[in-house]
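Visitor: got a predicted structure here, sequence first:
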Amino acid sequence: MKTILCIGAGYVGGPTMAMIARKCPDIKVIVGDINANRIQAWQSDRLPIFEPGLLELVQPCRGKNLFFSTDIAAGIREADIIFVSVNTPTKTFGEGAGMAADLQYWEKVAREILANATKDTIVVEKSTLPVRTAEAMARILHSHGGKPHFEILSNPEFLAEGTAVKDLEAPDRVLIGGATTASGQRAVQALADVYARWVPRERILTTNIWSSELSKLVANAFLAQRISSINSIAALAEVTEAEVDEVARAIGMDSRIGAKFLKAGVGFGGSCFQKDILNLVYICRHYHLNGVADYWEQVVRMNEQHKARFVNRIVSAMFNTLAGKRIAIFGFAFKADTGDTRESPAIGICRRLLEEHAELVVSDPAALDNAKTDLRGAAGVTFEPDPVKAAAGAHALVVLTDWAEFKALDYAAIHRDMAQPAFLFDGRNMLDHQALHTIGFNVYPVGKPPLTHL
Ligand code: NAD
Ligand code: UGA
C-alpha cells in the first residue's frame, strides 16, 4: 500500500486529503499538524472547519485509510508522497513585511522532512508559494548530499471555501509542475496517476515547476481583479443611476468576458486573494518590474477604497452620525457557507462603524466564534446567533455575507421591531430591494441608487 502524508491539516490539507482517501481506498492517507486541538477536532464529528459535505466525506474513510496525527516524524518515515499544505501568510516583520510570503512554517517543514525521511520521497508543494520556492525547497532537501532522493513537485490547490468538496470532486483542472528531468517526469506521472482515479486525464495539466507556481498566484490575481473591476464600476453606477448588476449581466453575456466573478459586494476577503497579489507584487518589484507591480497592487488598493466607501455611504445616509445607534450586522464570514473570517471585509467595516460609536450586534450562522476573536477588546459590540433578535430595536441592518439564511427572513416583521426610520445596507445585493422599500426600509444596495422614503 502506498502512503501519502499531508503536513498541515487546515482548510486545504484536510478536505484535499479526505478526497484522495475517498477516491483511493488502496492508499493510506495521513494528515499531520502541529496543532493538537485541530487534529483532535478532525478525529471527532465536530470538524475544525465548517465546510458543506465535508463530514460526510471524512466519516467513511476515517480510521480505515484516512488518519489524523500529530506524529509528523513517523508520517514522514512512512510516506512515499508528502504534501506540504502549511499556511503561508503575508510577512508581518522584517524584509518584505506586508508584502512577501512568510515562509517560516514552510521552511520548518522542509527541515523536518530532511531530518526524518529514510527513503526516496516525492515532496509536493500544495501551499501557495512564491515562484521559484521549489528551488529553495530543493536546496534544503538536498543539503545532506542526495540520499535519499527528493523530487519536488508543485501542485497548487484551486478549491474555494464553501464549495471545497464540490471543487475537489470535479476540479476545472489539476495542475502539476515538475522538473524536466527523467526522475522529475516520473514523479509528475506518479502524482497524476493519483488524481486520475477520479479526474479525467485531459483535466490534469502538467507544466514546468515555475509555471505551476506562478499560475496559482496569477489565477487568484485575475479572480480578484474582476471583483475590484466590478466594484470600481459600482462606485460609478451609484452616482450615475446605472445599476451595477445590470451592467455585470450585460457585459457577462459576452462570452469573451464571461458571467462569473462579476458580483459587486463589500470587497473581496479571504485568506488568499490579498496575500497572493501582494506576494506577486513583491516578486515583480524584486525583478524591478515596477510598472507590473503597480498594476496588480491597484487591485488591492481598489478593494481597500471600496470597503471605505461602503462605510462612508452608511455614515452619510444616516445623517452623518452613528453615535449610539444600534446596527445589526448580518454576516461576518468572508463569504457564505464558511465560518472562516480571515481578511473578511466585516472586520474592517465593523471596526470603522465602532469608531463612529455605533452599537453593533453581529449575527452569523457559522462565524460567530471567529468574529468574537477578530473583534476582541472592541467596545460596543455584542453577538447574537439569531438575526431577528439582532435586528430588534436596530436603526440599520448591514448585510455583509451572502448567506442564504438572510434571504429567507420575514423583513416585514423585522422592520416592525426596528427603530424608525429603518435603514438597510445590502452589501451583497442579495435581497429584493423593491419589496424592502415597500415594507418601509430605506434601502442602499451596492452599485445602485438608493430607494428611500426620506
Ligand atoms: P490553514 O492555516 O487553515 O492550515 C495550515 C495548517 O498548517 C495549520 O493547521 C497549521 O497548524 C499547520 N502547520 C503550520 N506549520 C506546521 C508545521 N511545521 N508542521 C505541521 N503543521 C503545521 O491554511 P489553509 O487555508 O489550509 O492554507 C494552506 C495553504 O494553501 C496556503 O498556502 C494557502 O495560500 C493555500 N490555499 C488555501 C486555500 C483556502 O481556501 N484556504 C485555497 C487554495 C490554496
Ligand atoms: C479563492 C479562489 O476562488 C480559489 O480558486 C482559490 O483556491 C482560493 O481563493 C485560495 O487560493 O485561497 P475563496 O477565497 O475561498 O477562493 O473564495 P471566493 O469564492 O473566491 O471568494 C473570495 C472573495 O471574493 C469573497 O469575499 C467573496 O465574497 C468575494 N467575491 C467573489 C465577490 O465579491 N464577488 C464575486 O463575484 C465573487
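Guide: That came through, no problem. Residues are numbered from 1 along each chain as shown. Ligands and ions are numbered 1, 2, ... in the order given.

Visitor: which non-adjacent residue is nearest residue 112?
Guide: In this structure, residue 112 finds its nearest non-sequential neighbour in residue 72, 6.3 Å apart by Cβ to Cβ, 6 or more residues apart in numbering. In short, each C-beta sits where N, CA and C put it, glycine included.

Visitor: and the one you found, what does it touch?
Guide: Residue 72 sits next to 5, 7, 32-34, 112, 116 when contact means Cβ atoms under 8 Å, 6 or more residues apart in numbering.

Visitor: state the distance from it to residue 436.
Guide: To residue 436, residue 72 is 52 Å away according to Cβ to Cβ, to the nearest Å.

Visitor: go on, residue 59?
Guide: 41 Å.

Visitor: show me which of the two is the more surrounded one.
Guide: residue 436 (22 against 13; other Cβ atoms under 10 Å).

Visitor: in which helix or strand does that one reside?
Guide: helix 433-439 (DSSP states H and E).

Visitor: show me what that helix is packed against.
Guide: helix 411-416, strand 442-445 (3 or more Cβ pairs under 8 Å, 6 or more residues apart in numbering; DSSP states H and E).

Visitor: of those, which is nearest ligand 1?
Guide: When the helices and strands packed on helix 433-439 are compared by Cβ to the nearest ligand atom, strand 442-445 sits nearest ligand 1, at 27.8 Å.

Visitor: give the other helices and strands that the closest one contacts.
Guide: Here strand 442-445 touches helix 290-317, strand 423-426, helix 433-439, going by 3+ Cβ pairs under 8 Å, 6+ apart.

Visitor: for the protein, what lies in contact range of ligand 1?
Guide: Residues of the chain lying near ligand 1 by Cβ under 6 Å from any ligand atom: 7-13, 32-35, 38, 72, 85-88, 105, 108-109, 127-128, 157, 159, 161, 271-272.

Visitor: how many other residues sit next to whichever residue of the stretch 1-150 of the chain sits closest to ligand 1?
Guide: Nearest to ligand 1, among the residues of the stretch 1-150 of the chain, is residue 10, at 1.9 Å (Cβ to the nearest ligand atom). Residue 10 has 20 neighbouring residues, counting by other Cβ under 10 Å.

Visitor: can you check my assumption that residue 214 lies in a helix?
Guide: Yes. With DSSP: H, G, I helix; E, B strand; the rest coil as the criterion, residue 214 is part of a helix.

Visitor: apart from its neighbours in sequence, what residue is nearest it?
Guide: Spatial nearest neighbour of residue 214, excluding adjacent residues (Cβ to Cβ, 6+ apart): residue 131 at 4.4 Å.

Visitor: what's the per-residue pLDDT of that neighbour here?
Guide: Looking at residue 131, its pLDDT reads 89.

Visitor: quick one, what contacts it?
Guide: Taking Cβ under 8 Å, 6+ apart as the definition, contacts of residue 131 comprise 210, 213-214, 217, 283.

Visitor: quick one: the helices in the stretch 251-400 of the chain, in order.
Guide: 273-286, 290-317, 345-355, 368-374, 387-391 (DSSP state H, counting those that start in this stretch).

Visitor: can you list the residues of the stretch 301-450 of the chain near ligand 2?
Guide: Within the stretch 301-450 of the chain, the positions near ligand 2 by Cβ under 6 Å from any ligand atom are 334-335.

Visitor: quick check, central residue of this structure?
Guide: A centroid search over the chain (Cα atoms, centre = their mean) returns residue 270, at 3.7 Å, as the residue closest to the centre.

Visitor: does it touch residue 161 like I think?
Guide: Yes. In this structure, residue 270 is within contact of residue 161 by Cβ atoms under 8 Å, at 7.0 Å.

Visitor: and for the residue nearest to residue 331 when sequence neighbours are not counted, the neighbour number?
Guide: Closest residue to residue 331 apart from its sequence neighbours, by Cβ to Cβ, 6+ apart: residue 401 at 2.5 Å. Residues contacting residue 401 under the criterion other Cβ under 10 Å number 31.

Visitor: I figured residue 401 hits residue 337, correct?
Guide: No. With contact defined as Cβ under 8 Å, residue 401 does not count as touching residue 337 (9.5 Å).
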